[in-house]
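J.: My questions concern the predicted model and sequence given below.
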Amino acid sequence: MEGIELLSFQMISFNGSARSSFVEAIAAAKEGDFDRAEELMAEGEEQFVEGHRVHAQLIQQEAQNEGSTDINLLLIHAEDQMMSAEVLKIIAAELIDIHKKIK
């Protein structure tokens with residue numbers, strides 16, 4: 001496997017890991033373990049940044065080829081994973097703040 005498929009799987013992997021970290025961070029905050037929640041948010045952010053790095057690589061490849069990237073279901077899924085990770089990151093940060101105020 002190479003090319004767009006490999007990059008799509010990398011995006012799915014990085015952003016899936018980011019999403020998992022954000023969900024775990026919410027659970028840690030719910031239990032009052034705010035240090036662990038912040039660690040998990042940082043881990044998730046690292047994975048999220050890597051997912052964006054791969055995404056930027058795809059955009060650069062398309063720009064260099066002066067053509068369009070072949071769109072397939074795998075790439076659409078990768079884009080969806082990236083977007084959902086970003087939304088979950090925002091929601092997790094808000095929920096952690098709310099749990100801090102409640103405690």
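T.: Yes, it's here.

J.: ok, residue 40 - how many residues close by?
T.: 23 (other Cβ atoms under 10 Å). Glycine gets a C-beta too; all of them are placed from N, C-alpha and C.

J.: Could I get the buried residue list for the helix or strand hosting it?
T.: Assigned by DSSP states H and E, residue 40 falls within helix 34-65. The neighbour-count check on helix 34-65 (16 or more other Cβ atoms under 10 Å) flags 34, 37, 40-41, 43-44, 47-48, 50-52, 54-55, 58 as buried.

J.: quick one: stretch 76-92 to chain centroid distance?
T.: 6 Å (Cα atoms, centre = their mean, to the nearest Å).

J.: And the lowest mean pLDDT element among the helices and strands of the chain?
T.: helix 34-65 (a mean of 94; mean pLDDT, DSSP states H and E).

J.: what pLDDT does the residue nearest to the spatial centre of the chain get?
T.: For the chain, residue 15 is the residue whose C-alpha lies nearest the centre (Cα atoms, centre = their mean; 3.2 Å). pLDDT recorded at residue 15 is 97.

J.: Give me the angle between the helix or strand where it lies and helix 34-65.
T.: Under the criterion of DSSP H and E, residue 15 resides in helix 4-30. Interaxial angle, helix 4-30 versus helix 34-65 (axes from the mean of the first three to the mean of the last three Cα atoms, to 10 degrees): 160 degrees.

J.: Residue 43 touches residue 22, doesn't it?
T.: No. Residue 43 is beyond contact range of residue 22, at 9.3 Å (criterion: Cβ atoms under 8 Å).

J.: returning to that earlier point: just checking, what packs against the least confident helix or strand of the chain?
T.: Under the contact definition 3 or more Cβ pairs under 8 Å, 6 or more residues apart in numbering; DSSP states H and E, helix 34-65 sits against helix 4-30, helix 73-102.
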